[in-house]
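Chemist: using only what follows, build the 3D model:
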Amino acid sequence: MLEDSRRASLSPDEFARFSRHIILPGIGQEGQERLKGSRVLIIGLGGLGSPASLYLAAAGVGTLGLADFDSVEVHNLQRQVIHDTPSVGRKKIESATNRLSSLYPEIEIVALKEGITPGNAVSILQDYDVIVDGSDNFGTRYLVNDAAFFAKRPLVYGSVFQFEGQVSVFDPSNGAPCYRCLFPHPPEPGAVPNCAEAGVFGALCGTIGSLQAMEAVKWITGAGEPHTGKLLVLDSLTMQFRSIRLKKDPSCPLCGNSPTINQIEASRYEDITCEVDSSPGPTMSSDLLLEMPPSEANQRFESDSVYILDVREPYEWEICHIAGSLRISLGNIPHQADSLPKDKPILTLCHHGMRSERAAMFLRQIGFEAVSNISGGIHQWAEDVDPSMRRY
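Modeler: You can find the predicted model right below:
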């Protein structure tokens, strides 16, 4: 919760504007005054930053820092709702500033047109009370996480991939885990497709960005409980929410007992991209298909003629997994490929089939000829093979 000393008095117009907040138990006049006195930094004005910034401005946050250096493109408008068609070609930060100022004229907008870089990250983040991460690339995501740790600021994390979204609040300075406790290292370049390759459900961005704004408002006002130490996962196709408990990792390279990351170094965040070599790789010499339905994969697995390689993260494995399968997180496959068995073909598996498809492509490119992807992932496996399996 924001300190009482940071509360800012409300004008009569603001009492009227925010009356629906002020009458809420847990917010009231004090909470609204904390919102007016607060400073929130939003990194990225895309699919997540758009709804997050709109709702934070509408909630009465006094100062919004906006960090973005990109321009509006037509394909952004499917999900980046703070921008409009006349804004195409303009800098996103200019488009967003105009919209937010018209929504709440009293708001102070700090335009950080250079974005967040290794050279300025910690000093910028220290000027704000809460950080909302709406970035869409791993380099920025890890940089912001690390800078928030060194600046001792809570970080409201959000991400979307196709039809799935995630939200958490990372606050290691108050004993909660950080992003690296969940994902210690970024995936290898090309391991995860970007939204231009994989697509993204527009309305899902609105949901996740709004949840991020809600977490920021809760932290500032003290209403409810922040979603620290937990990861909220939304499958928009089934409208299932799951809250998965996260533990602070004692071996975390940033906030663990013996950290190896002790400062921001630019080289650590370079070359973390989502570009991928889409060439098909070597032709497979076995009879294994390039993609295989779960029913056939199960038959081969039961006959002990293949290995199943699960490339999901540890928390996903805890929800459900196929007994006897191997698990290596997608980002660790390049480092552990030599340990994979070579006496049988390999079938790759993830949640919906996208990450495992990338894993199969990568393994073929480095010489594993007999490797295939299980289409639809473990979600489809639960439907076609084992209906008793827990889903998420």
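Chemist: which residue packs closest to residue 298, ignoring adjacent ones?
Modeler: Nearest non-adjacent residue to residue 298, counting by CB to CB, 6 or more residues apart in numbering: residue 385, 4.8 Å away. Backbone N, C-alpha and C define where each C-beta goes, glycine included.
Chemist: neighbours around that neighbour, how many?
Modeler: Counted with other CB atoms under 10 Å, the neighbours of residue 385 add up to 19.
Chemist: identify the residues contacting it.
Modeler: Taking CB atoms under 8 Å, 6 or more residues apart in numbering, we find residue 385 in contact with 294, 295, 298.
Chemist: in the chain, which spans are strands?
Modeler: 39-43, 63-67, 108-112, 130-133, 155-161, 164-170, 230-235, 240-245, 291-292, 307-310, 326-327, 346-349, 371-374 (DSSP state E).
Chemist: burial measure for residue 236, as a count.
Modeler: The burial count for residue 236: 17, using other CB under 10 Å.
Chemist: still on that earlier bit, of the contacts of residue 385, which belong to helices?
Modeler: Those of the contacts of residue 385 mapping onto helices are 294, 295, 298, per DSSP state H.
Chemist: quick one: the nearest residue to residue 82 once chain neighbours are set aside from residue 79, how far?
Modeler: Nearest residue to residue 82, sequence neighbours excluded (CB to CB, 6+ apart): residue 50, at 3.9 Å. To residue 79, residue 50 is 8 Å away according to CB to CB, to the nearest Å.
Chemist: residues contacting the residue nearest the centre of the chain?
Modeler: Among the residues of the chain, the one closest to the centroid is residue 159, at 2.5 Å (CA atoms, centre = their mean). Residues counted as contacts of residue 159 (CB under 8 Å, 6+ apart) are 48, 141, 165, 166, 208.
Chemist: still on that earlier bit, select only the buried ones of the ones in helices among the contacts of residue 385 in PyMOL?
Modeler: The PyMOL command for the buried members of the ones in helices among the contacts of residue 385 (criterion: 16 or more other CB atoms under 10 Å) is given here:
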select buried, resi 294+298
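Chemist: where does pLDDT dip in the stretch 151-300 of the chain?
Modeler: 188-198, 270-289 (pLDDT under 70).
Chemist: for it, just list every one of the helices.
Modeler: Here the stretch 151-300 of the chain has its helices, by DSSP state H, counting those that start in this stretch, at 179-182, 195-198, 202-221, 294-302.
Chemist: out of those, nearest to residue 31?
Modeler: helix 202-221 (3.4 Å; CB to CB).
Chemist: check which residues of that closest one are buried.
Modeler: So for helix 202-221, counting by 16+ other CB under 10 Å, buried means 204-221.
Chemist: output the contacting helices and strands for it.
Modeler: In terms of contacts (3 or more CB pairs under 8 Å, 6 or more residues apart in numbering; DSSP states H and E), helix 202-221 is packed against helix 28-37, helix 49-59, strand 130-133, strand 155-161, strand 164-170, strand 230-235.
Chemist: if we go to 6 Å?
Modeler: helix 28-37, helix 49-59, strand 130-133, strand 155-161, strand 164-170 (3 or more CB pairs under 6 Å, 6 or more residues apart in numbering; DSSP states H and E).
Chemist: what about residue 127, neighbour count?
Modeler: Going by other CB under 10 Å, the residues that sit close to residue 127 add up to 13.
Chemist: for it, give its distance to residue 156.
Modeler: 16 Å.
Chemist: need the strands of the chain in TSV with distance to residue 356, can you?
Modeler: Listed next are these as TSV, based on distance: least, CB to CB, whole Å:
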stretch	distance to residue 356
strand 39-43	30
strand 63-67	34
strand 108-112	38
strand 130-133	26
strand 155-161	13
strand 164-170	14
strand 230-235	17
strand 240-245	20
strand 291-292	10
strand 307-310	8
strand 326-327	12
strand 346-349	4
strand 371-374	5
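Chemist: nearest to residue 252, of those?
Modeler: strand 164-170 (10.9 Å).
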